[in-house]
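Undergrad: sharing a sequence plus its predicted fold:
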Amino acid sequence: MSLLRKQPNGTYIIDKREFSNRLRKIIGFRPRNLSVYEMAFIHRSAAYTLSNGDKINNERLEYLGDAVLDAVLSDYLFQKYPDADEGALTKIRARLVNREQLNDLALAIGVNNLLISHINRSRPTKYLYGDALEALIGSLFLDKGYSKTRKFIVSSLFPDNPDLKRLITTDSDYKSQVFQWAQKLRKQISFNYNEDYDFTCKSSLFTTVLRIDHEIFGEGTGSSKKEAEQKAAYEAWVKIGRIGFIE
């Protein structure tokens with residue numbers, strides 16, 4: 001069933017009953033302020049325009065949710081790993097909230113069944129659903145406060161299971177690994193950037209080329225320089241291993 005209901009004038013509105021039912025399956029309880037959750041699932045490509053000309057989308061909630069998620073995980077990891085130092089805790093948190101991981105979590109809980117966008121679903125979405133998950137967390141924080149939001153994040157998104165332990169113990173910061181390897185062998189490493197604008201997603205798209213001793217070792221594309229760097233570094237790390245450079 002579609003979330004959008006067509007009006008006699010040809011416009012569409014969100015079917016609140018269907019939206020509420022789908023939302024409750026994700027968060028596990030009845031929302032108090034449904035409208036703030038509706039905003040969390042309106043991508044900028046499908047922004048609503050109000051009578052005063054203001055456009056509504058989930059970008060502000062995404063910003064808030066990102067900060068809340070960092071705070072919750074910092075608190076959670078601080079308590080769960082009392083012997084870990086600052087550097088270790090920061091690395092663990094970074095692995096838990098990387099864009100690919102958040103996108104997979106969003107798909108696992110059904111965020112894709114709520115998101116409203118004008119982006120072709122058959123195309124790569126550049127972590128479209130992970131961004132919406134952060135917006136959902138921002139909505140939860142505004143509607144229910146920190147305690148309820150923390151419970152949702154810890155119990156629904158990051159339960160204590162083998163997959164979480166594997167994620168924590170796997171170093172996915174390929175840029176750091178490539179830099180450490182290059183420094184050890186005294187090799188020169190550089191990143192070159194190119195920025196384009198994706199008019200479909202209405203956002204910048206970065207392409208990064210990683211060179212080692214002037215030879216191209218990896219290329220990556222992402223919605224941020226950091227994301228593009230990690231993808232390029234991953235390609236380089238795989239290539240380094242394949243040609244027998246890793247000891």
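TA: Nice, I can see it.
Undergrad: which helices and strands sit right next to the lengthiest helix in the chain?
TA: When the chain is parsed with DSSP state H, its longest helix is helix 59-80. Helices and strands touching helix 59-80, by 3 or more Cβ pairs under 8 Å, 6 or more residues apart in numbering; DSSP states H and E, are helix 34-40, helix 86-96, helix 128-144, helix 146-152. Glycine gets a C-beta too; all of them are placed from N, C-alpha and C.
Undergrad: deepest-packed of those helices, please.
TA: The highest mean neighbour count among the helices and strands packed on helix 59-80, using mean count of other Cβ atoms under 10 Å, belongs to helix 128-144: a mean of 24.
Undergrad: that one versus helix 59-80: what angle between them?
TA: 80 degrees (axes from the mean of the first three to the mean of the last three Cα atoms, to 10 degrees).
Undergrad: need the strands for this protein, in chain order.
TA: In the chain, the strands defined using DSSP state E lie at 4-6, 12-14, 48-49, 55-56, 189-198, 203-212, 215-222.
Undergrad: can you redo those as TSV with mean neighbour count?
TA: Compiled in TSV, the strands of the chain are given as follows (neighbours: other Cβ atoms under 10 Å):
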stretch	mean neighbour count
strand 4-6	13
strand 12-14	15
strand 48-49	12
strand 55-56	14
strand 189-198	12
strand 203-212	18
strand 215-222	18
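Undergrad: between these, which gets nearest to D131?
TA: Among these, the nearest to D131 by Cβ to Cβ is strand 203-212 (9.9 Å).
Undergrad: partners of the closest one, with directions?
TA: Paired neighbours of strand 203-212 in the sheet (DSSP bridges): strand 189-198 (antiparallel), strand 215-222 (antiparallel).
Undergrad: hey, least reliable of the ones you listed by pLDDT?
TA: If you rank those by mean pLDDT, strand 189-198 sits at the bottom with a mean of 88.
Undergrad: contacts for that strand?
TA: 126, 178-179, 182, 203-212, 225, 228-229, 232 (Cβ atoms under 8 Å, 6 or more residues apart in numbering).
Undergrad: quickly list what the residue lying closest to F179 once chain neighbours are set aside is bridged to.
TA: The shortest distance from F179 to any non-neighbouring residue, by Cβ to Cβ, 6 or more residues apart in numbering, is to I189 (6.4 Å). Assessed by DSSP bridges, I189 has beta-bridge partners I212.
Undergrad: show me what counts as buried in the longest helix of the chain.
TA: Taking 16 or more other Cβ atoms under 10 Å as the neighbour-count basis, helix 59-80 is seen to contain the buried residues 59, 61-62, 64-66, 68-69, 72-73, 76-77.
Undergrad: can you tell me which of the residues you listed is nearest R93?
TA: L73 (5.0 Å).
Undergrad: I'd like the distance between the closest residue to the closest one other than its chain neighbours and D66.
TA: Distances taken as Cβ to Cβ, 6+ apart place R93 nearest to L73, at 5.0 Å, with adjacent residues excluded. Using Cβ to Cβ, to the nearest Å, R93 is found at 12 Å from D66.
Undergrad: now swap in L128 and tell me
TA: Counting by Cβ to Cβ - L128 and D66 are separated by 15 Å.
Undergrad: tell me the domain boundaries of this structure?
TA: With automatic domain parsing as the criterion, the domains of the chain are listed as 4-169, 174-242.
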